[in-house]
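Visitor: Generate a structure from the sequence data that follows.
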Amino acid sequence: METEKYYDCCGKNVCKGRFYSLCMSGNNDKCSFCNAEVDVTDEVKVAKLTTRVEANDSSSTYLLAHNYYHGLKGLQQDRVMAIQLFTKAADLGFSKAHSHLGNVYLEGRDMKKAKFHWEAAAMAGCEVARHNLGNRDKFWKFGSSDKALDNSCIRWTILCHA
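Guide: Below is the predicted model of the structure:
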């Protein structure tokens, strides 16, 4: 569950509480940072994200990767492009990108790479990565790697869709 809202126009994040407050006051049609119109088409949003990605903005890079990975905002699903962008966001220091890469490598059953990315994310303070590492260790102690992979996927799905 996301706790913040990303503004495509200027690349800023606000907590959901502040965004809720803006909605309740009727001031949610413009960005509270740069005063740009919020309700724009997906094409415009992707163009703004791409511009920010070219400027090496880590959160924009992560969000564009997320959109490619899941085929959102009118983009064709392209997991290869998504992994490249997640890697770039991780290299730029965005901990959620490391966490997501850990999940990507978990799906491919490459636990060495998954653990590397989860550890990097956890050291940067990502709670989901800490959870995934704890789950992995819990089940590996009992020698059931398939069970650990399956349970981590199930718990990750529950966390993402809660």
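
Visitor: CA atoms for contacts and neighbours, from now on please.
Guide: Noted.

Visitor: Pretty sure residue 34 sits in a strand.
Guide: No. Counting by DSSP: H, G, I helix; E, B strand; the rest coil, residue 34 falls outside a strand, being coil.

Visitor: In the protein, mark out all the strands, start to finish.
Guide: 4-7, 12-15 (DSSP state E).

Visitor: Present those as a markdown table; the columns should include distance to residue 62 and mean neighbour count.
Guide: A markdown table is the format used below for those (distance: least, Cα to Cα, whole Å; neighbours: other Cα atoms under 10 Å):
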| stretch | distance to residue 62 | mean neighbour count |
| --- | --- | --- |
| strand 4-7 | 11 | 16 |
| strand 12-15 | 13 | 14 |
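
Visitor: Between those, which one is closest to residue 68.
Guide: strand 4-7 (16.6 Å; Cα to Cα).

Visitor: about what we covered before: right, and the strands of the chain - which one's nearest residue 55?
Guide: Nearest to residue 55, of these and by Cα to Cα, is strand 12-15 at 14.1 Å.

Visitor: Could you pull out the helices in this protein for me?
Guide: Assigned by DSSP state H, the chain shows helices spanning 16-25, 42-54, 58-70, 79-91, 95-107, 111-123, 127-140, 145-160.

Visitor: Out of these, which gets the lowest mean score?
Guide: Lowest mean pLDDT within those: helix 145-160, at a mean of 46.

Visitor: Domain parsing of the chain, as residue ranges.
Guide: 1-40, 43-92, 94-162 (automatic domain parsing).

Visitor: Closest to the centroid, which residue in this protein?
Guide: residue 96 (5.2 Å; Cα atoms, centre = their mean).

Visitor: Am I right that that residue is in contact with residue 126?
Guide: Yes. Between residue 96 and residue 126 there is a contact under Cα atoms under 8 Å: 6.7 Å.

Visitor: Tabulate the strands of the chain in TSV, adding columns for distance to residue 51 and mean pLDDT.
Guide: Output for the strands of the chain, formatted as TSV (distance: least, Cα to Cα, whole Å; pLDDT from 0 to 100):
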stretch	distance to residue 51	mean pLDDT
strand 4-7	14	72
strand 12-15	14	74
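
Visitor: between the ones you listed, which gets nearest to residue 45?
Guide: Set against residue 45 and scored by Cα to Cα, the strands of the chain come closest in strand 4-7, at 9.3 Å.
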